[in-house]
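Colleague: Predicted model, plus sequence, below.
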Amino acid sequence: MKAYLEALWANRYTTALVAVLVLAAGIVAFEALPRSVFPDVDFPRVSVLVSDGYLPVHVMLVRVTEPLEQAAKGVPDVTLVRSTTSNGLSKIHVFFNRAITPNDAYLLLEARLGQVALPPAAHMSVRLMMPSIYPFAEYALVSKDQTSSTLMPTYAFTIKPRLLDVPGVYTVASVGRGWPEVHVDLSLRRLMSHHIGLTRIVALLRAHQGPYFGGIMAGLHESFLLTAAGRPASVAALGRLAVPLGGVRGATIPLSALGRIAVGPPPRVRGAAVAHHAHSLLIDVAAQASANVEAVAAGVAHAIAALRKHLPHGVRLVRDYDLSRLIVASLHDVWVALILGTVITFAVLLAFLRRFDTALATLIIVPLSLAGTFVVLHVLGLGLNIMTLGGITAALGALVDHAIVVIEQATHTHAPGTALTRRARALRASAEVLPMMTFATLTSALVFVPLILLSGTIGILFRQMAIALVTALVVSQAVALSVTPLLAATLAGRDRRPPRKWRPARRARVGYARALRAGLRRPALGVMASLAILLAAYGIYRVLPTAFLPAWNEGVIAVPFRTAVGSSASETLAVGRGLLAIAAHDPAVATASLVVGQSLGNPRATPNKGDMVLTLKSQASAVATMRALGAQLRAAYPSLSMLKLHQLLVTQLGNLSGAHSPLDVEVFGHSASALAVYARGLEARLAASHRFANVSFPTSSDGPAIALSVRTRARLAGLTPPLLGAQLLAGYWGVPAGYLLRGAQILPIAVSTSPAGGMGGNLRPRLFVHAPHGPYAPLAAFAREHLRRAVPVITHQNLVPFADIEIRPHRAMGLDQAAALARRLIAKTPLPHGITARIGGYYKEQAQSFAQMELTLTFALLVLLVLVGYQLRAQRAALAVLVATALSALGALCALWVRGIPLDSTSFLGLLLVFAIAVNNGILIFGQARHYKSPPGRLEVELAARRRLRPILMTMAADVLGFLPLAVGVGHGTDLLKPLATAVMGGLMLAVFASLFIGPMLYVAFSRPPRR
């Protein structure tokens, strides 16, 4: 090491040049790194959505859901298949294990499902669950007089192409009623008077959907393409289409004489609304994977500003929400906390070192280490998000520690001599500490490596944090081996006056020496204190509330709701507008929008489902707003079957991971009806306990249905069930019969015999049916009606029927306590034969992550025991260091308990970080003791502890106070890191006492008494 440092000093100018180049490369990499809130990672989950109009639920189950379930279950590495089947809609979620990459899983599943034969009109979409599938921004076309269907051409031909031209934009989708249609509304009276059936009209329109290819004719030195029967060029031409009459040969009648032909909106199956606007068409913009969302959002905003100048009269383009602002604000808050922590650290170093140039030189290492970290992150293809910045912030203490240890070791002596002599002395002192510090840093890095291997949602989210943390540790150690010794030697070579003796510091050193000497004479007290601290830590760990992730104020609230079963999309939209008006008048709400017949996670949903998205003002609290606004909404609409309020990104995270509520009770059985009966009884028992904030059993019904069976005489007249279904479709919905072209716009043609609308309570006076070999007659003459009040929605998990009860605990109750209470209540409800129940939801993810974190902490302590034992060449010293390090957990748990912060995954990461930092204290103390004598005795340990007193106090004070801005909370962007910072501060404060007192006492207690 001495020869290396001498060569390093001889090439100090080249090393300085390399440092400057690394700093410049770090600045370039920092500007190029993509920004986002969460890491852009793929979840091992694929979502399959199949829609087929309004095909009955049992037909969808037999022809769509079950074949796809069977096919998905046969794909390698599939662990779970969950499905929901309703009228015309099948949703299948396929979960994979970590043995396969998400992209491979997606391709294998899509290839396997493509072999399943689906109904002709079924449309299937397969999506790999990743954050980029969700829009980062939503805009809206609004107007007072133009409907969303009328606004579709403006969106499709003006706005969408321009937004897709923005670099980094992945998809641009609209949410509204849909494209306009050509409605051919036929008069039953005129059809009956001319003896014309509906099938003749539909066949005629479909026959005029040419042009049809008729070959190629050569002549006059040219080739002519022959076509026949082109489609009508306009609505007027469609009305002039000749319809043959049945009674008179060769006689025709124009189509317009049989009814009304007009362009209008399609039947309402979806809808959208924006507060304070009569008509709205929502526009969702999603970014590509690994794109810089901040830059993409800026490009979209620039394009929107240009598009506003070219909109039709009476149409405006407004912003609903833009998550890039949340990204900018969150990253800004973390950067502010990082800078404040650095300033506080500088003040602490200046107070200890009492020399400005030395304190400043110590902090010069931080930007250089950060620059190297940014370069590595850019090479690895990672970006800047809450997790990577959290890892870098967590490593800030280690960055400063490396500089403090080397510079303090090299400059602590004030012996006289020439500049050359002082520099040589400083290099020798650096050579003594660098090997120990390098080994300690590698030990700390190895402690965090298991975090990269974690599975589940926590593993996916925290993997990049662990990578950033380990990268920062390794880069800072590289800087400590190259640049820090040169700075230390340069500072040592400068002339300076010895600092004035500070009496309180001297008294503290003397007091510590006396207390340590007394403790080393009674080492059994160290063992007793260790046992007491470990028992106290275990007790607090058992009573501390638990959570999945920290509470975070996003500023965007999602409000999913359900109206009564069987409600139409129009009724749900009317209720949603009422909810929207209440939310828009809340002083904390900035913007509010609504979608119906579609959810935030799926492009298709039942008509009674709606979702509101509320953007809060910057100073508003999401938790307080959700509590107050939820009470107002429930009081205004008590008949809603479901109403929830939660933050948008939490909802998206739940959709990505497959867990939609904090706590679920999953009930399995062989009969869907028996499951529903038991689930409703269990829901009532759980709600009657009044121990939870909310208990809900989502409706298992898709609404009422009327089944029609054809009578015998109708069959004799040629009326088959398919023909009856076509006439019912025309009477109440509209039969598709081709399309017209209006420029680049495609207008579907829908033929109906009655205006689309509600059925009422009786079908007989509403519709007349025509038999091929008979006259028109009322529907009751041809068919019998069978009313079903509720058509059940069928849910499967791994091909077995199941039901799901959602539980939301109170804020003061941890998920562990809520799960235990739910188990006790379930045990009091007798389970019918063949029905089982278990706990799921976020709690399941939390339990898995906690088990992995506990295993990681145990692994970390064992790794420390082995590596420290190798370094110190004494297992007794390694055991003393290990126990002293583990005792710091009490300080972390106490800090969380005092501040009322639940124990979550970030808290566990803080514990791990405390271990990684605290172990360095023990390594440096016993490494210094070995420098005096090997193996060291009680006197050598005492001298080493006294020698390392100031560096340990300095590094611990710098680390603890450096995390203060994160623990207090600078803005809302640091909410995710607040438990981590709190745990680190509490753990390091106790680690000072454990390292300086209990560790040496334990070493003496573990040592054999010397022979006489």
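Modeller: Arrived safely.
Colleague: use CA for all of it now, contacts and neighbours both
Modeller: OK.
Colleague: Contact partners for the nearest residue to Leu520 once chain neighbours are set aside?
Modeller: Nearest residue to Leu520, sequence neighbours excluded (Cα to Cα, 6 or more residues apart in numbering): Met1001, at 5.2 Å. Residues counted as contacts of Met1001 (Cα atoms under 8 Å, 6 or more residues apart in numbering) are Gly519, Leu520, Arg522, Pro523, Ala524, Leu525, Gly526, Val527.
Colleague: which one of the residues you listed is nearest Ala229?
Modeller: Nearest to Ala229 out of the contacts of Met1001 is Val527 (Cα to Cα; 97.8 Å).
Colleague: any idea of the pLDDT on the closest one?
Modeller: For Val527, the pLDDT comes out at 87.
Colleague: Name the SS class of it, please.
Modeller: When classified by DSSP: H, G, I helix; E, B strand; the rest coil, Val527 comes out as helix.
Colleague: what do you get for Tyr54?
Modeller: Following three-state DSSP, the label given to Tyr54 is coil.
Colleague: Ok, Val296 next?
Modeller: Under three-state DSSP, the three-state class of Val296 is helix.
Colleague: do Val172 as well
Modeller: Following three-state DSSP, the label given to Val172 is strand.
Colleague: What is the neighbour count of it?
Modeller: 20 (other Cα atoms under 10 Å).
Colleague: Identify the residues contacting it.
Modeller: Going by Cα under 8 Å, 6+ apart, the list of residues near Val172 reads Lys160, Leu163, Leu164, Ile283, Asp284, Val285, Ala286.
Colleague: In the sheet, which residues pair with it? Tell me.
Modeller: Judged by DSSP bridges, the bridge partners of Val172 are Val285.
Colleague: gap between it and Ser568?
Modeller: Noted for Val172: a distance of 27 Å to Ser568, by Cα to Cα, to the nearest Å.
Colleague: Ser934 too?
Modeller: Using Cα to Cα, Ser934 is found at 84 Å from Ser568.
Colleague: Neighbour count for these two, which is higher?
Modeller: Neighbours per residue (other Cα under 10 Å) separate Ser934 from Ser568, with Ser568 holding more: 23 against 13.
Colleague: Excluding covalently adjacent residues, which one is nearest to the more buried one?
Modeller: The spatial neighbour of Ser568 that comes closest, neighbours along the chain excluded (Cα to Cα, 6+ apart), is Pro607 at 5.4 Å.
Colleague: what stretches of the stretch 201-350 of the chain score poorly on pLDDT?
Modeller: 246-249 (pLDDT under 70).
Colleague: again, only using 90
Modeller: Along the stretch 201-350 of the chain, segments meeting pLDDT under 90 span 201-237, 240-253, 255-259, 264-271, 275-276, 278, 286-295, 309-310, 312-314, 320-350.
Colleague: ok, back up a step: sort out which of the contacts of Met1001 are buried, if you could.
Modeller: Buried members of those, counted by 16 or more other Cα atoms under 10 Å: Gly519, Leu520, Pro523, Ala524, Leu525, Gly526, Val527.
Colleague: Now do the contacts for the fifth one.
Modeller: Neighbouring residues of Leu525 by Cα under 8 Å, 6+ apart: Gly519, Met1001.
Colleague: quick one, helices of the stretch 51-200 of the chain?
Modeller: In the stretch 51-200 of the chain, the segments counted as helices under DSSP state H, counting those that start in this stretch are 57-60, 66-73, 102-113, 152-154, 160-164, 188-193, 198-207.
Colleague: If I average pLDDT within each of those, which one is lowest?
Modeller: Ranked by mean pLDDT, the helices of the stretch 51-200 of the chain bottom out at helix 188-193, which scores a mean of 82.
Colleague: isn't there a strand covering the residue nearest to Ser568?
Modeller: No: counting by three-state DSSP, one finds Pro607 to be coil, located in no strand.
Colleague: Ramachandran coordinates for it?
Modeller: Main-chain torsions, Pro607, degrees, to the nearest 10: phi -60, psi -20.
Colleague: how long is stretch 130-138 end to end?
Modeller: Span of stretch 130-138 from end to end, Cα to Cα: 18 Å.
Colleague: Pull out the buried positions in that stretch.
Modeller: Buried, per 16+ other Cα under 10 Å, within stretch 130-138: Met130, Pro131, Ser132, Ile133, Tyr134, Pro135, Phe136, Ala137, Glu138.
Colleague: returning to that earlier point: relative to Ser995, how far out is the residue nearest to Leu520?
Modeller: 10 Å.
Colleague: Also Ala672?
Modeller: Ala672 is 61 Å from Ser995, by Cα to Cα.
Colleague: about what we covered before: nearest to Ser476 among the contacts of Met1001?
Modeller: Among those, and counting by Cα to Cα, the member closest to Ser476 is Gly526, at 34.3 Å.
Colleague: Give me the pLDDT for Pro765.
Modeller: For Pro765, pLDDT reads 45.
Colleague: Any stretches of the stretch 701-850 of the chain with poor pLDDT?
Modeller: Low-confidence segments of the stretch 701-850 of the chain (pLDDT under 90): 701-747, 750-850.
Colleague: how about the helices in the stretch 601-750 of the chain?
Modeller: Ranges of helices within the stretch 601-750 of the chain are 622-636, 648-657, 672-688, 712-716, 721-732, based on DSSP H, counting those that start in this stretch.
Colleague: any chance of those helices in a markdown table, plus mean neighbour count?
Modeller: As requested, those are exported to a markdown table (neighbours: other Cα atoms under 10 Å):
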| stretch | mean neighbour count |
| --- | --- |
| helix 622-636 | 15 |
| helix 648-657 | 20 |
| helix 672-688 | 17 |
| helix 712-716 | 14 |
| helix 721-732 | 18 |
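Colleague: Throw the ones you listed into a markdown table and include distance to Leu323, thanks.
Modeller: Converted to a markdown table, the helices of the stretch 601-750 of the chain look like this (distance: least, Cα to Cα, whole Å):
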| stretch | distance to Leu323 |
| --- | --- |
| helix 622-636 | 15 |
| helix 648-657 | 9 |
| helix 672-688 | 36 |
| helix 712-716 | 60 |
| helix 721-732 | 41 |
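Colleague: Quick one: residues in contact with stretch 99-118.
Modeller: Contacts for stretch 99-118 (Cα under 8 Å, 6+ apart): 42-46, 63-64, 67-68, 71-72, 75, 77, 96, 126-128.
Colleague: Recalculate using a threshold of 7 Å.
Modeller: When contacts are defined by Cα atoms under 7 Å, 6 or more residues apart in numbering, stretch 99-118 is touched by residues 42-44, 46, 63-64, 67-68, 71-72, 75, 77, 126, 128.
Colleague: Please pick the buried ones from those residues.
Modeller: The neighbour-count criterion (16+ other Cα under 10 Å) marks Asp42, Phe43, Pro44, Val46, Val64, Leu68, Ala71, Ala72, Val75, Val126, Leu128 among those as buried.
Colleague: on that earlier part again, quick one: which of the contacts of Val172 is most hemmed in?
Modeller: Neighbour counts for these peak at Val285, which has 25 neighbours (criterion: other Cα under 10 Å).
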